[in-house]
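> here is my input, please return the structure:
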Amino acid sequence: MRTIRRMLIGSFAVGLAAAGGAPGEEPATTPAAPGAPATPKIINFTLSEKQVKELEERMKKAARELTEKNRQEARQDKDLKYDPKDPRSKEEQLRAKQIQKANLAMIKEMKAKADDAFKNQRYREAAQFYGSIALADVPGSETMAEEARAKFVEMEKLAQGHLDAAEDFILQRQYVKAVEELRIVVNEFPFTDAAPKAAARLRGLQSKKEVAAYCAYAEAEGLEQAGNFRAAIRAYRDIVARHPESVPAVRAEKRLAVLEKDAAVQEKVKAEIAAEAEAQAPAIFNIAENFMKSGMNDSAREKLNMIIEKYPGTPQAEEAKKKLDALKG
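Below is the predicted model:
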């Protein structure tokens, strides 16, 4: 349960439940008479802003679709047990029941999304949904809440498995694989007890000079796998420059050769450079021009050379070369 509580730090309240909220939570309205259906309370959900908006839109749509005709038909619902001792009217009791059903449907939808994320190994995303479901106590959600809590136990075991694998790789001096395992724990299982242990182990490896090159290579490889080719190329070049005699440097040189020959990769890198040049170069030009106006030509040359080095092959780099030629004249 410590894991679930950690997941819910920073959570916000969404008024969804008609017959129950988070354990120990105070009712949002005055309690109904004994034996009457519970009045609306608040359930805490931990979701991303986008997911919250989607859920809110679904609730608004459901409310709009609940027309007078639907309410009249729902009054004949055989499952509704009208309690004449309840101070609320029959329609009010029915409304509470309808909200309860809507909440249960919402929890089922979250459960489906959580299970899909878990199946596709998007554990961080899955944990967001499971964290909300685990605290739900809407009638009919008991099994889903129990399954969600079980998933946290399962994810804790998965995270520990990656941590144990990392330790084995360290003993075998296979540092790249060790770093990969540790990063999985830190990135995909930040809500587990294994995460802080993995982060500490990762920092320890990075502080060792003989291991630093392997850590850097693992990071560069991760950038490449994520499609961030420009950053990956920079990282590989940095490994070659900083650790020239290391095994990771040899591997980095091989990856650089592959990436530099890949036409699709180079096109993407050029597009990234062009976009950054268009956004950043004007400000650097302004600084260079101010230096020139002040007679600080050396400082101006430094800024112009920066543009040429950072944005090769772009119109901005060509313009910087022309300005440098003008300074020489």
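
> for Ala165, see how far away Leu304 is.
50 Å (C-beta to C-beta, to the nearest Å). Where C-beta positions appear, they are placed from N, C-alpha and C, glycine not excepted.

> quick one, phi/psi of Phe189?
When read as degrees, to the nearest 10, the backbone of Phe189 gives phi -130, psi 50.

> returning to that earlier point: show me which of Leu304 and Ala165 is the more surrounded one.
Leu304 (26 against 17; other C-beta atoms under 10 Å).

> can I assume that one is in contact with Ala288?
Yes. The pair Leu304 / Ala288 is scored as a contact, 5.2 Å apart, by C-beta atoms under 8 Å.

> what sits against Ala241?
Neighbour list for Ala241: empty [criterion: C-beta atoms under 8 Å, 6 or more residues apart in numbering].

> okay, it: pLDDT?
According to the prediction, Ala241 has pLDDT 91.

> and what of Tyr123?
Here, the pLDDT recorded for Tyr123 equals 93.

> quick check: it touching Glu156?
No. Contact criterion C-beta under 8 Å: Tyr123 and Glu156 do not qualify, at 10.6 Å.

> neighbour count winner among these two?
Shown here are Tyr123 and Glu156; by other C-beta under 10 Å, Tyr123 has more neighbours (22 against 18).

> and Ala178, helix, strand or coil?
Following DSSP: H, G, I helix; E, B strand; the rest coil, we place Ala178 in the helix state.

> measure it to Pro196 for me?
Taking C-beta to C-beta, one finds Ala178 at 17 Å from Pro196.

> now swap in Arg173 and tell me
Arg173 is 25 Å from Pro196, by C-beta to C-beta.

> now do Arg242
Counting by C-beta to C-beta, the separation of Arg242 from Pro196 is 28 Å.

> next: Ala216.
From Ala216 over to Pro196 (counting by C-beta to C-beta), the distance is 23 Å.

> could you do Ala145 as well?
Distance, Ala145 to Pro196, by C-beta to C-beta: 27 Å.

> give the residue from these two that has the larger number of neighbours.
Between Ala145 and Pro196, Ala145 has the larger neighbour count (other C-beta under 10 Å), namely 19 against 12.

> helix, strand or coil: sort out the more buried one for me.
Three-state assignment for Ala145 (three-state DSSP): helix.

> neighbours of the nearest residue to Arg237 once chain neighbours are set aside, just the number please.
With C-beta to C-beta, 6 or more residues apart in numbering as the measure, Leu256 is the residue that lies nearest to Arg237, at 6.7 Å, once sequence neighbours are left out. Neighbour count of Leu256, defined by other C-beta under 10 Å: 17.

> pLDDT score assigned to Leu256?
93.

> contacting residues for it?
Ile233, Tyr236, Arg237, Val240.

> can I get the residues you listed in CSV with distance to Ala212, neighbour count and secondary structure?
As requested, these are exported to CSV (distance: C-beta to C-beta, whole Å; neighbours: other C-beta atoms under 10 Å; DSSP: H, G, I helix; E, B strand; the rest coil):
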residue, distance to Ala212, neighbour count, secondary structure
Ile233, 19, 21, helix
Tyr236, 15, 26, helix
Arg237, 16, 14, helix
Val240, 14, 17, helix
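
> counting neighbours, what do you get for Ser299?
So Ser299, with other C-beta under 10 Å, has 15 neighbours.
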